[in-house]
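Asks: no FASTA, just this:
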Ligand SMILES: [Mg+2]
């Protein structure tokens, strides 16, 4: 094994917060004057009863500021730094649009999060195949399902409010201490 790991950014590297303290929850409720979310769906449209256009307008107006100010999860820098020093390759794969590349790179640099490559892609399985990624961590079950079913690689779902109701069972992780333990268990 070459020790190549795939890591999502939002809700995996970023610390969005839980419940009413979630950064997206707070901003969406304030922007649209909502009392809360309707469902625990991942997609903002289903979760908050919004149209595609409303979500796009919101992301256009508030997205950049959220991407800039969201803090990193505790210990993600330390764990990734340790893994890199052991020779692991860290491939970041985000579904954020390519136009957010600059703000994403600046955020990674500001928080000194080590990585080897950064891809913007909605088709994360394609990147996994191209890069030979052997294990993936994401908070969106829909990205992980094809990796499990087609590539048969170990995947870990970051436990979040927005993935609690998913019908499939996943190996869940809650923080970077969990992630480091799972990675070391698999590779070492
Ligand atoms: Mg994510």
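Replies: The structure has been received and is ready for your questions. The model shown is predicted, which means the values in this text are computed figures rather than measured ones.
Asks: drop to CA atoms for contacts and neighbour counts, all remaining ones
Replies: Noted.
Asks: Can you show me the helices along this structure?
Replies: For the chain, the helices defined by DSSP state H occupy 23-32, 44-48, 52-58, 64-69, 76-85, 101-110, 124-131, 141-146, 176-187.
Asks: for these, which one sits closest to residue 1?
Replies: Comparison of the helices of the chain against residue 1 by Cα to Cα identifies helix 176-187 as nearest, at 7.6 Å.
Asks: what's in contact with that closest one?
Replies: Helix 176-187 has contacts (Cα atoms under 8 Å, 6 or more residues apart in numbering) with 1, 3, 73, 74, 75, 76, 79, 135, 173.
Asks: Can you give me the neighbour number for the second one?
Replies: Read it as residue 3. The local packing of residue 3 (other Cα atoms under 10 Å) involves 20 other residues.
Asks: Would you enumerate the residues in contact with it?
Replies: Per Cα under 8 Å, 6+ apart, neighbours of residue 3: 87, 88, 89, 134, 187.
Asks: Repeat the analysis, applying 7 Å as the threshold.
Replies: When contacts are counted by Cα atoms under 7 Å, 6 or more residues apart in numbering, residue 3 touches 88, 89, 134, 187.
Asks: So it versus residue 134, what's the distance?
Replies: Distance, residue 3 to residue 134, using Cα to Cα, to the nearest Å: 7 Å.
Asks: and if you look at the fourth one?
Replies: With the distance defined as Cα to Cα, residue 74 ends up 24 Å from residue 134.
Asks: And for the third one?
Replies: Noted for residue 73: a distance of 23 Å to residue 134, by Cα to Cα.
Asks: Which of these two has more residues huddled nearby?
Replies: residue 134 (21 against 16).
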